[in-house]
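Asker: Structure, please.
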Amino acid sequence: MANTANIPAEGQLIVDIKDMSLINDIKKAISMLRGVGKVSRPRRKRMTAYERSLKDLDEGRVYECDSLEDFIKEMEK
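Answerer: Numbering: from 1, shown residues only. Here you go, the predicted model:
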């Protein structure tokens, strides 16, 4: 008697793509395969203004000014 493995009814396959200019061709090719139900591309989560400001702090993109006039002079450069 042969051992049979339980095969799930649905699954997910993650593909890393180096050249994003080929994304539409790859999606079309994958959707042509037998058994493929849907081909989708996950959306990137947009960072909030607060999250972007924390990232700026972490990466050192911070300006320190003593007054508003100093800030304006710095931005005119």
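Asker: Identify all contacting residues around the helix or strand containing residue 28.
Answerer: With secondary structure defined by DSSP states H and E, residue 28 is part of helix 23-31. Where contact means CB atoms under 8 Å, 6 or more residues apart in numbering, the residues beyond helix 23-31 that reach it are 15, 17, 36, 39, 41. C-beta here means a position set from N, CA and C on the backbone, and glycine is covered the same way.
Asker: which two in these are spaced the farthest apart?
Answerer: With distance counted by CB to CB, no two of the contacts of helix 23-31 lie farther apart than 17 and 36, which are 16.4 Å apart.
Asker: rewinding a little: what's the closest of the contacts of helix 23-31 to residue 73?
Answerer: Out of the contacts of helix 23-31, the one with the shortest distance to residue 73 is residue 41. That distance is 45.0 Å, counting by CB to CB.
Asker: and the closest residue to residue 56 other than its chain neighbours, how many neighbours does it have?
Answerer: Spatial nearest neighbour of residue 56, excluding adjacent residues (CB to CB, 6 or more residues apart in numbering): residue 62 at 6.5 Å. As a burial measure, residue 62 scores 9 neighbours (other CB atoms under 10 Å).
Asker: And the pLDDT for residue 62?
Answerer: On the pLDDT scale, residue 62 is placed at 86.
Asker: Okay, helices next: where are they in the protein?
Answerer: For the chain, applying DSSP state H gives helices covering 23-31, 49-58, 68-76.
Asker: would you turn these into CSV with mean pLDDT?
Answerer: As requested, the helices of the chain are arranged in CSV below (pLDDT from 0 to 100):
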stretch, mean pLDDT
helix 23-31, 91
helix 49-58, 94
helix 68-76, 89
